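# Any chance you could fold what I've pasted below:
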Amino acid sequence: MTRIATVGLLTACALGSLLLTLSASQWWWFAAAPLTAAALTGVYDLVQRRHAVLRNYPVLGHLRFLMERLRPELQQYFVERNYDGRPYDRDTRTIVYERAKGVAAEEPFGSERDMDDRGYEFLVPSMAPVDVPDTPPRVRIGGPDCTEPYDMALLNVSAMSFGSLSSNAVVALNTGAARGGFAHDTGEGGLSTYHLRPGGDLVWEIGTGYFGCRTREGDFDARQFAEKAAHPSVRCVSLKLSQGAKPGIGGVLPGSKVNAEIASVRGVPEGETIVSPPYHRVFSTPRELVRFLARMRELANGKPVGFKLCPGSRTQFLAVCKAMREEGTTADFIVVDGAEGGTGAAPLEFADHLGMPLTDGLFTVHSALTGAGLRERIRIGASGKVATGSDIVKRLAMGADYTNAARAMMFAVGCIQAQRCHTNHCPTGVTTQDPRRARALDVVDKAARVARYQQATVDSALQIMAAMGVRDAAELGPRLLRRREDHGRFRSYAELYEWLSPGELLAEPPEGWAADWQAADPDSFAS
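Below you'll find the model as predicted:
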């Protein structure tokens, strides 16, 4: 049947039903109304020029777009197995939900993972386990230049801005952080009342847009920064160089989304489109970066100051290490964001192909700082697909001192991985500025879930460490994490990477690092 014949048949049926309605029974309206709507749709499909499928298959072609829209849900609920979903598999989402609800996260009948697959990882248990500590350990953040150090939890809320998240989600996260005694990174969208009201500890993140401490022209405003950094809830300040999902790219906030509240928080004009550049205006070399970090710490009255990045070039990071040595000052902490991370929307090519995965990024940063003789002064945070106790232990074994979680914390406040974050149509009210959708997120209930999830996950990490015979996270190391290379061989991460000893780059750089160390220039970010 041709496309015109299809529309003609629908039109004829609609007219027939309409005539029967007028002459026989009003019940024919139930047939006339949908048939008339279908006929009108078919006529529109024939004359529109945007979709070739609809021009060739009027009315029926809409089924293709419907199935495409439903595909993520069908995939998640009916196709994927418990352990192979992306970005997070069902097993991981379930364990977060259960811990957030206070339910024992246990698996009956053994693992569903294929442990014979190449790349399978495991942590090494001990034949002499130890007791689990009564109190979770804390990590002291603050080098010799810091006068107000902060004790960081092993698991914290990673960077997510108000604007990306709804106000209810931000309040729930910060209330949970206050209740559980862990830190909450604000993201680069500014310091809002929703971050400050509950009283949870904050890591105030400053990005390339300098939101909350910017001049009208978009430059860094030292006065505003000092005033806000003095707030007692702000315990650390983090300068964002890049993030995992989209390293090297800025953002655009359309003017239609810049309402009065968001404009006030970000320090931008209401209704105007705001562009965050991919680069910082206040520095252009590693040396200038280090000097700016020192200035931020001074403006913040000695509170810990650090930076976040998704590493890509070993040479560039070594250049920062050289700059810190030559300037005689360091960051207090560095957050390594893996390329697999990211709560916001990003171009697919950036999310898939730019930046190091978290494992490689941690190795690069930890080894570079160690080899440059700086590791003892700087703490390392790991951010990127951290959701379970085993994730925490693996990252500590790879060189991190603590971890941050973003998407797992979103699960704790109700996210169902619908992947509608960038559309403003989040079905659970987590990533939307639609008041009707956001009100579905009950702050009291979700705050309790955030606190329970964090506590249970840290407890799980401590139980795993005890099973490994480890009393202190400092005893963990890459030798305790193994990966299957083939069906007959496992190798530890101590063998897979070339780890540096303290000060090794300063004495005699090993062959694998010598060229990068020599090329690193504290006055240039050249790779």
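# C-alpha from now on. contacts and neighbour counts both.
OK.
# Just the buried residues of the helix ranked longest in the chain, please?
Scanning the chain for the helix with the most residues, using DSSP state H, yields helix 443-467. Within helix 443-467, the residues that count as buried by 16 or more other Cα atoms under 10 Å are 443, 446-467.
# Could you please name the strands whichever helix or strand comes after that helix pairs with and the direction of each pair?
Toward the C-terminus, helix 443-467 is succeeded by strand 481-486 as the next helix or strand (DSSP states H and E). The pairing partners recorded for strand 481-486 under DSSP bridges are strand 121-123 (antiparallel), strand 489-492 (antiparallel).
# CSV please, covering those and showing distance to residue 160, mean neighbour count and mean pLDDT.
Formatted as CSV, those follow (distance: least, Cα to Cα, whole Å; neighbours: other Cα atoms under 10 Å; pLDDT from 0 to 100):
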stretch, distance to residue 160, mean neighbour count, mean pLDDT
strand 121-123, 29, 18, 91
strand 489-492, 34, 15, 90
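# Make CSV out of the ones you listed and add distance to residue 142.
Formatted as CSV, those follow (distance: least, Cα to Cα, whole Å):
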stretch, distance to residue 142
strand 121-123, 30
strand 489-492, 31
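# Determine which of these approaches residue 337 most closely.
strand 121-123 (20.7 Å; Cα to Cα).
# Report all helices and strands that the helix or strand following that closest one contacts.
Tracing the chain past strand 121-123, the next element assigned as helix or strand by DSSP H and E is strand 139-141. Strand 139-141 sits against strand 150-152, with contacts defined as 3 or more Cα pairs under 8 Å, 6 or more residues apart in numbering; DSSP states H and E.
# Other residues contacting the strand it packs on?
Strand 150-152 is contacted from outside by 138-142, 182-183, 235-236, 304, 402, using Cα atoms under 8 Å, 6 or more residues apart in numbering.
# From these, list just the buried residues.
If you count burial by 16+ other Cα under 10 Å, the buried members of the contacts of strand 150-152 come out as 141-142, 182-183, 235-236, 304, 402.
# Out of those, list just those in strands.
141, 235-236, 402 (DSSP state E).
# Now for those: which two are most distant?
Checking those with Cα to Cα, the most distant pair is 235 and 402, at 15.7 Å.
# Just to be sure, residue 382 is in a strand?
Yes: assigned with DSSP: H, G, I helix; E, B strand; the rest coil, residue 382 falls within a strand.
# Can you name the residues bridging to it?
Counting by DSSP bridges, residue 382 is bridged to residue 336, residue 403.
# Confirm for me that it is in contact with residue 333.
No: counting by Cα atoms under 8 Å, residue 382 stays clear of residue 333, with 10.8 Å between them.
# out of the two, which sits in the busier spot?
residue 382 (29 against 24; other Cα atoms under 10 Å).
# any idea how far that one lies from residue 391?
10 Å (Cα to Cα, to the nearest Å).
# In the stretch 251-400 of the chain, where is pLDDT below threshold?
Low-confidence segments of the stretch 251-400 of the chain, defined by pLDDT under 70, are located at 251-254, 256-257, 341-353.
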